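**Student:** I need the structure of the sequence given here:
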Amino acid sequence: MKVFKIAVMPGDGIGNEVTPPALELVKESARQHGIELNCVEVPAGAQHFLDTGDGFPEDHFEEAANADAIYLGAMGLPDIRHPDGTEVGPQHDLRKRLNLYAGIRPCRTMPKLPLPLADPRSKTLDFVIVRESTEGIFAEPRGHALDTQDAAHNLIRITRKTTTRMLDFSFRLAQRRQARGLPGHVTCSDKANVLSSQAFMRNIFYEVAKRYPGIQADHQYVDATALDLVRCPWRFDVVPTENQYGDILSDISAALMGGMGMTSSGEIGDNHGVFQPCHGSAPDIMGEGKANPTGMILSGAIMLDYLGDKFHCPEAIQAAQALETAVIAAYDTGTLLPYELGGNSGTAPISELIGKMLSQ
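**Tutor:** Numbers count the residues shown, from 1 in each chain. Below you'll find the predicted structure:
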């Protein structure tokens, strides 16, 4: 039996509530395909900061970094901050220190949910935004040497090395999706008509595209991408973009799926991967059983797919697909409606029905 070591960081708020049932489903899907997940819990986050004075001790970072993958719950609490006022967010440390340059933000709509767009094509969306997660406008988030009392600056950093790796990842992702019957189409979303850094990125995009002749490549200004995400999101397949653009576009795609509780993500680099839902810790509903575990469960499916791809383990890829299929089947019963969509399906009924589908 293939064994993978998983560092599990349940996080804060509802992270502690959705992580355990989601992890059990991920482990069960893996087990059904002959894989054992050896999970080690690694405490971190805002509550750990409050309890110990350190939100992410160095030995905890090392424990996580030595795992085959990191499964991360929602992190942070609004009233618990570092002395400089910034959030306690171990995910930011992991992203930078492990050089996780490819931020996967899938948009896949679940059946029989009351989604915001009326067009029937919006009910079967399946595309991925790939957010470059280490550079862009977030590369210099806390000021610049040019700052004065009258002006503040943030530097946009786009490097050839990181951009090439992120775009290579995007094209390889499109190839894998094409093998599953999806279009095989990569759209670079940028602002090359205004910013030289973005024109630089676009030039690299077409250099990389030449290595993937079977994949269709085109580009679009990011403002037009935002427009089309509302007007015709079914046109997209894989959309690589700059860090902040990806942050914004992925929230639009979350709305297309019904809310942040439905969103999953992966942060992937050359040697590490971190997988967590995109929603926050939601302390206002903590302890009420209302949290939607779907994003956490689907993040687990991305983790299994990552393990299968990275370690050449087709059984892990099959486990990922089985888990995703179980989530779709559960929603297809028409009996699930999460709280954020006006229903009363919380953590337990959603997890239990997905588990039932997984066992069939």
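**Student:** What are the boundaries of the helices in the stretch 1-150 of the chain?
**Tutor:** Here the stretch 1-150 of the chain has its helices, by DSSP state H, counting those that start in this stretch, at 15-32, 46-52, 58-65, 90-97.
**Student:** The shortest one packs against which elements?
**Tutor:** The one in question is helix 46-52. Applying 3 or more C-beta pairs under 8 Å, 6 or more residues apart in numbering; DSSP states H and E, we find helix 46-52 packed against no helix or strand. Backbone N, C-alpha and C define where each C-beta goes, glycine included.
**Student:** pLDDT averaged over that helix - what is it?
**Tutor:** The average pLDDT for helix 46-52 rounds to 90.
**Student:** what do you get for the longest one?
**Tutor:** Per-residue pLDDT values across helix 15-32 average out to 97.
**Student:** can you pull the contacts of the residue nearest to R121 when sequence neighbours are not counted?
**Tutor:** Nearest non-adjacent residue to R121, counting by C-beta to C-beta, 6 or more residues apart in numbering: W234, 4.4 Å away. By C-beta atoms under 8 Å, 6 or more residues apart in numbering, the contact list for W234 reads 121-122, 124-125.
**Student:** Go through the residues you listed and say which is closest to N292.
**Tutor:** Checking the contacts of W234 against N292 with C-beta to C-beta, the nearest one is L125 at 18.1 Å.
**Student:** and the closest one, what are its phi and psi?
**Tutor:** As for L125, its main-chain torsions (degrees, to the nearest 10) stand at phi -70, psi 140.
**Student:** and if you look at A179?
**Tutor:** A179 adopts backbone torsions of phi -60, psi -20, taken as degrees, to the nearest 10.
**Student:** Contact partners for it?
**Tutor:** With C-beta under 8 Å, 6+ apart, A179 has no contacts at all.
**Student:** Check T162 too.
**Tutor:** Residues in contact with T162 (C-beta under 8 Å, 6+ apart) are 101, 132, 134-135.
**Student:** Where does it sit: helix, strand or coil?
**Tutor:** Look at T162: counting by DSSP: H, G, I helix; E, B strand; the rest coil, its state is helix.
**Student:** follow-up on the earlier one: hang on, the residue nearest to R121 in a helix?
**Tutor:** Yes - with three-state DSSP as the criterion, W234 is located in a helix.
**Student:** Give me the distance between it and L117.
**Tutor:** According to C-beta to C-beta, to the nearest Å, W234 and L117 sit 10 Å apart.
**Student:** For the contacts of W234, pick the one with the most neighbours.
**Tutor:** Of all these, L125 has the most neighbours under the rule other C-beta atoms under 10 Å, reaching 20 neighbours.
**Student:** Pull the contacting residues for the closest residue in space to it that isn't next to it in sequence.
**Tutor:** Nearest residue to L125, sequence neighbours excluded (C-beta to C-beta, 6+ apart): T109, at 4.5 Å. By C-beta under 8 Å, 6+ apart, the contact set of T109 is 115, 122-126, 256-258.
**Student:** Nearest to I158 among those residues?
**Tutor:** Ranked by distance to I158 (C-beta to C-beta), these are led by L256 at 27.5 Å.
**Student:** I figured the closest one hits R121, correct?
**Tutor:** No - contact criterion C-beta atoms under 8 Å: L256 and R121 do not qualify, at 11.2 Å.
**Student:** so where do the strands sit in the chain?
**Tutor:** 2-9, 35-41, 69-72, 102-108, 126-132, 185-190, 216-221, 238-241, 266-268, 273-275 (DSSP state E).
**Student:** Output these in JSON lines, with mean neighbour count, mean pLDDT and distance to R160 appended to each entry.
**Tutor:** Formatted as JSON lines, the strands of the chain follow (neighbours: other C-beta atoms under 10 Å; pLDDT from 0 to 100; distance: least, C-beta to C-beta, whole Å):
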{"stretch": "strand 2-9", "mean neighbour count": "20", "mean pLDDT": "97", "distance to R160": "31"}
{"stretch": "strand 35-41", "mean neighbour count": "16", "mean pLDDT": "97", "distance to R160": "37"}
{"stretch": "strand 69-72", "mean neighbour count": "27", "mean pLDDT": "97", "distance to R160": "28"}
{"stretch": "strand 102-108", "mean neighbour count": "23", "mean pLDDT": "97", "distance to R160": "16"}
{"stretch": "strand 126-132", "mean neighbour count": "25", "mean pLDDT": "97", "distance to R160": "12"}
{"stretch": "strand 185-190", "mean neighbour count": "25", "mean pLDDT": "98", "distance to R160": "15"}
{"stretch": "strand 216-221", "mean neighbour count": "16", "mean pLDDT": "98", "distance to R160": "17"}
{"stretch": "strand 238-241", "mean neighbour count": "29", "mean pLDDT": "98", "distance to R160": "15"}
{"stretch": "strand 266-268", "mean neighbour count": "25", "mean pLDDT": "97", "distance to R160": "19"}
{"stretch": "strand 273-275", "mean neighbour count": "27", "mean pLDDT": "97", "distance to R160": "23"}
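**Student:** about what we covered before: now render the contacts of T162 as JSON lines, adding distance to L195.
**Tutor:** JSON lines is the format used below for the contacts of T162 (distance: C-beta to C-beta, whole Å):
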{"residue": "Y101", "distance to L195": "19"}
{"residue": "E132", "distance to L195": "14"}
{"residue": "T134", "distance to L195": "18"}
{"residue": "E135", "distance to L195": "13"}
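**Student:** who wins for most neighbours among those residues?
**Tutor:** Among the contacts of T162, E132 has the most neighbours (other C-beta under 10 Å), with 28 neighbours.
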